[in-house]
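Give me the fold of what follows.
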Amino acid sequence: MRTEFGGDMILNIETFENIKRLIENRAEENRYLEFKGELPRPANRIVKEVVAFANAEGGELVIGIKEQNSAAAELNPLEKRRGIREQIAQVIDTNTDPKLENYEIISINDENDDSRAYVVIRVKKSPKAPHMDTSSHKYYIRRDNRAEPMIDSEVRALLFKRGITRNLLIEIGSNIELITKTMKFVNNLLSSDPQKRKPYLFVPLKDEAWRSFVYSGYSYIAPPEVLSKLISA
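Coordinates of the predicted model:
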């Protein structure tokens, strides 16, 4: 976790010490950070905040900290309840379209009271954006320190980007499969009797696929596991 709280970035809040320092430093809500003094009621009101992070650059929602003038002001841990993380996850899963996947829910015990805890929902930027909050039938995005409805042009732009991403993943997947088959073929060829080998001509990759990949800039947002497969191949 960062040692300073003035800048805008995801903090990776994981411990009670991290929680305390948010108060001590009067950390301010920003594009990546939101505070809630308690779990919203009805619980599906939390979806607005979560999809806003996913449709932007990601962020963290901390439940159990009261804010004043958009700054962390007071600790207000939740009463511990069995299965609270699963309940929150179910609310998110059943009220997002497409279903949100790149998030985690962390429970942090209050060291001053064993019966209470804080909940942090950490959301990553989603390659499947835009996600709709189906409880309100709206798309939200994070602007500065709040979640706001997206305008039509923003929704269309993200839908277009999602389509490009999907097509590139299909194309990359086909190339990975082709690379695997080619490597297997080459290994079998090299292990055969040199005097019995026949000449072969093969093209391991599709040029147009690589051009699309390079020019698209997708390498900046591609999942690490996809890039690692391409690099290792």
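
A strand includes Ile121, no?
Yes - residue state for Ile121 (DSSP: H, G, I helix; E, B strand; the rest coil) corresponds to a strand.

Can you report how many residues neighbour it?
23 (other Cβ atoms under 10 Å). C-beta: built from backbone N, CA, C; applies to glycine.

Now do the contacts for Ile46.
Taking Cβ atoms under 8 Å, 6 or more residues apart in numbering, we find Ile46 in contact with Lys36, Leu39, Pro40, Leu61, Ile88, Val91, Ile92, Ile121.

ok, now Ser126?
Ser126 is in contact with Ala54, Asn55, Leu100, Glu101, Asn102, counting by Cβ under 8 Å, 6+ apart.

related to what we said a few turns ago, just the buried ones out of the contacts of Ile46, please.
Buried by 16 or more other Cβ atoms under 10 Å: Lys36, Leu39, Leu61, Ile88, Val91, Ile92, Ile121, out of these.

Let's see which of those end up in strands.
Among the buried ones among the contacts of Ile46, the residues falling in strands (DSSP state E) are Lys36, Leu61, Ile121.

Contacts only, for the residue of the chain most remote from its centre.
In the chain, Gln195 marks the outermost C-alpha relative to the chain mean, sitting 54.3 Å out by Cα atoms, centre = their mean. When contacts are counted by Cβ under 8 Å, 6+ apart, Gln195 touches no other residue.

separation between it and Asn76?
Using Cβ to Cβ, to the nearest Å, Gln195 is found at 80 Å from Asn76.

What of Pro127?
Here Pro127 is placed at a distance of 35 Å from Asn76 (Cβ to Cβ).

With Pro149 instead?
28 Å.

circling back: reformat the ones in strands among the buried ones among the contacts of Ile46 as a markdown table; add pLDDT and distance to Leu22.
Shown next, in a markdown table, are these (pLDDT from 0 to 100; distance: Cβ to Cβ, whole Å):
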| residue | pLDDT | distance to Leu22 |
| --- | --- | --- |
| Lys36 | 97 | 13 |
| Leu61 | 97 | 13 |
| Ile121 | 97 | 15 |
